[in-house]
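Sequence and predicted model, in that order:
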Amino acid sequence: MKAPVRVAVTGAAGQISYSLLFRIASGEMLGKDQPVILQLLEITPALEALKGVAMELEDCAFPLLAGIVQSDDATVAFKDADYALLVGARPRGPGMERKDLLEANAAIFSAQGKALNEVASRNVKVLVVGNPANTNALIAQRNAPDLDPRNFTAMTRLDHNRALTQLANKTDSTVNDITHMTIWGNHSATQYPDLHQAKVNGEDAMGKVEQEWYETDFIPTVQQRGAAIIKARGASSAASAANAAIDHMRDWALGSAEGDWTSMGVYSDGSYGIQEGLIYSFPVVCKNGDWEIVQGVDINDFSREKMTATETELAEERDAVAHLLP
Ligand SMILES: NC(=O)C1=CN([C@@H]2O[C@H](COP(=O)(O)OP(=O)(O)OC[C@H]3O[C@@H](n4cnc5c(N)ncnc54)[C@H](O)[C@@H]3O)[C@@H](O)[C@H]2O)C=CC1
Ligand SMILES: O=C([O-])CC(=O)C(=O)O
């Protein structure tokens, strides 16, 4: 049996966590041979609810669950954490854009970045789920100057997975037939789901769909899917968000699928001309516990315009929280 690793999860009594924690504890994120200690963070008024979640985790008798820590203190929950899933934040309601949450949520991520900087493992892998995810990840990263900026990522895997199913449905195929999907930019309505590299059974996806469908159906459907879920469910995506978080972390820790790539919001090194330092979603390959931005993807004029629009939005969000960026 391997030694246990420490997995911190914030917002642990919330909707996403109610799906997420049980899957982490059952080994779906880090493998069926990897014991985990869950270190759960909540705000003080939610500690009682968190206790109930922890009781249910105990009642599953997961063979891989080596311990549960419950706290309202980030320096306790993040102590020596190998993985940190920052889920805790206010979700949006109908009629809101994710950046409307910036004000409400930004302070959470500056405090948590500082706490990670202070007490987490120097190799901690951080995934920010709480919205607006990319800019919250930027805030956490900038408040953790002693950690490698590459350790901070934002979740666009849900958008990536949504795009897979939309394309599969359109082409009468299954998600198993599709590779090389790409989400560029912000986890917001400006994100750019790009089909120009995508393959369906090894053949170019763009050859199998009409440009009209791509522009007026596929792109807006993926961009607006979060809002469509809120409208239908009366609450934002939870189980599918948890599933995407599992996918993101599993690929980062254990490697992405051979011969394919995935999408992650990562620290821009200037690849594809995207401003250095933004947390921008790129096509990435994960190997040996690390990620690399895929280089050499062809960018046509259509794609460039969309990549720039979402980059501009991220720069605006960054500037709006400049007071929280040391
Ligand atoms: N990146 C993505 O693809 C997605 C992101 N989200 C975002 O994830 C976040 C969480 O969503 P839900 O679980 O549905 O919300 P929720 O409201 O059910 O749960 C959030 C939990 O976070 C806790 N919390 C608030 N401030 C905290 C703090 N400072 N420290 C620790 N915990 C804190 C709350 O007490 C609550 O229990 C939202 O911001 C939502 O917009 C949701 C879906 C997809
Ligand atoms: O749309 C929201 O507010 C929740 C979310 O991020 C998503 O479902 O993609």
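Done, it's in. Just so it is clear, the model here is predicted, and its values are computed rather than measured. Ligands and ions are numbered 1, 2, ... in the order given.

going forward, measure contacts and count neighbours with C-alpha atoms only.
OK.

what's near enough to touch the most centrally placed residue in the chain?
Residue closest to the average C-alpha location in the chain (Cα atoms, centre = their mean): M155, at 1.5 Å. Residues near M155 by Cα atoms under 8 Å, 6 or more residues apart in numbering: 127-129, 133-134, 187, 244-245, 248, 264-265.

how does it look with 6 Å?
By Cα atoms under 6 Å, 6 or more residues apart in numbering, the residues touching M155 are 129, 265.

So for it, what's the pLDDT?
M155 is assigned a predicted lDDT (pLDDT) of 98.

now swap in the one 4 residues further on and tell me
With respect to pLDDT, D159 has a value of 99.

SS state for it?
helix (DSSP: H, G, I helix; E, B strand; the rest coil).

What distance do you get for it to C60?
Here D159 is placed at a distance of 31 Å from C60 (Cα to Cα, to the nearest Å).

Which one of those two is surrounded by more residues?
More neighbours surround D159 than the other of D159 and C60, with 26 against 12 (other Cα atoms under 10 Å).

Residues of the stretch 201-326 of the chain that sit close to ligand 1?
Contact residues, the stretch 201-326 of the chain versus ligand 1 (Cα under 6 Å from any ligand atom): 236-238, 241.

who wins for neighbours among those?
So for these (other Cα under 10 Å), the most neighbours sit at A241, 24 neighbours.

Spatially, which residue comes closest to it, not counting chain neighbours?
Nearest residue to A241 in three dimensions, chain neighbours excluded: L158, at 6.0 Å (Cα to Cα, 6 or more residues apart in numbering).

And for the one you found, the neighbour number?
Counted with other Cα under 10 Å, L158 comes out at 25.

What segments of the stretch 51-200 of the chain are helices?
Taking DSSP state H, counting those that start in this stretch, the helices of the stretch 51-200 of the chain run over residues 74-77, 102-119, 133-142, 157-170.

The residue nearest to Y192 when sequence neighbours are not counted: what's it in contact with?
The shortest distance from Y192 to any non-neighbouring residue, by Cα to Cα, 6+ apart, is to W184 (5.0 Å). When contacts are counted by Cα under 6 Å, 6+ apart, W184 touches 191-192, 281-282.

Now the stretch 151-300 of the chain against ligand 2: closest residue?
Nearest residue of the stretch 151-300 of the chain to ligand 2: G226, at 3.3 Å (Cα to the nearest ligand atom).

Tell me, what's the model's pLDDT at that residue?
pLDDT, G226: 98.

ok, and which of the helices of the stretch 51-200 of the chain has the densest surroundings?
Among these, ranked by average contacts under mean count of other Cα atoms under 10 Å, first place goes to helix 133-142 (a mean of 30).

relative orientation of it and helix 102-119 in degrees?
40 degrees (axes from the mean of the first three to the mean of the last three Cα atoms, to 10 degrees).

which residues touch helix 133-142?
With Cα under 6 Å, 6+ apart as the contact definition, helix 133-142 has outside contacts at 109-110, 113, 128, 149, 152, 154, 279, 325.

how about 8 Å then?
So helix 133-142 is contacted by 102, 105-106, 109-114, 127-128, 130, 147, 149, 152-155, 186-187, 265, 278-280, 314, 317-318, 321, 324-326 (Cα under 8 Å, 6+ apart).

Any part of stretch 233-248 near ligand 2?
Yes - shown here: stretch 233-248 in contact with ligand 2 (Cα under 6 Å from any ligand atom) through 236-237.

As PDB, could you dump the C-alpha coordinates of that stretch?
Output of stretch 233-248 as PDB, limited to C-alpha atoms (Å, rounded to 0.1, in the frame of the first residue of the first chain):
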ATOM      1  CA  ARG A 233     -32.100  23.000 -12.400                       C
ATOM      2  CA  GLY A 234     -32.500  26.200 -10.400                       C
ATOM      3  CA  ALA A 235     -28.900  25.700  -9.200                       C
ATOM      4  CA  SER A 236     -25.500  25.500 -10.900                       C
ATOM      5  CA  SER A 237     -23.900  22.300 -12.200                       C
ATOM      6  CA  ALA A 238     -22.700  20.200  -9.300                       C
ATOM      7  CA  ALA A 239     -22.200  16.500 -10.200                       C
ATOM      8  CA  SER A 240     -20.800  17.300 -13.600                       C
ATOM      9  CA  ALA A 241     -18.500  19.900 -12.100                       C
ATOM     10  CA  ALA A 242     -17.300  17.400  -9.600                       C
ATOM     11  CA  ASN A 243     -16.700  14.900 -12.400                       C
ATOM     12  CA  ALA A 244     -14.700  17.400 -14.300                       C
ATOM     13  CA  ALA A 245     -12.600  18.200 -11.200                       C
ATOM     14  CA  ILE A 246     -11.800  14.400 -10.900                       C
ATOM     15  CA  ASP A 247     -10.900  14.200 -14.600                       C
ATOM     16  CA  HIS A 248      -8.600  17.300 -14.300                       C
END
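
what is the rounded mean pLDDT of that stretch?
Here the average pLDDT along stretch 233-248 is 98.

so how many other residues sit close to Q275?
Around Q275 sit 18 other residues, with neighbours defined as other Cα under 10 Å.
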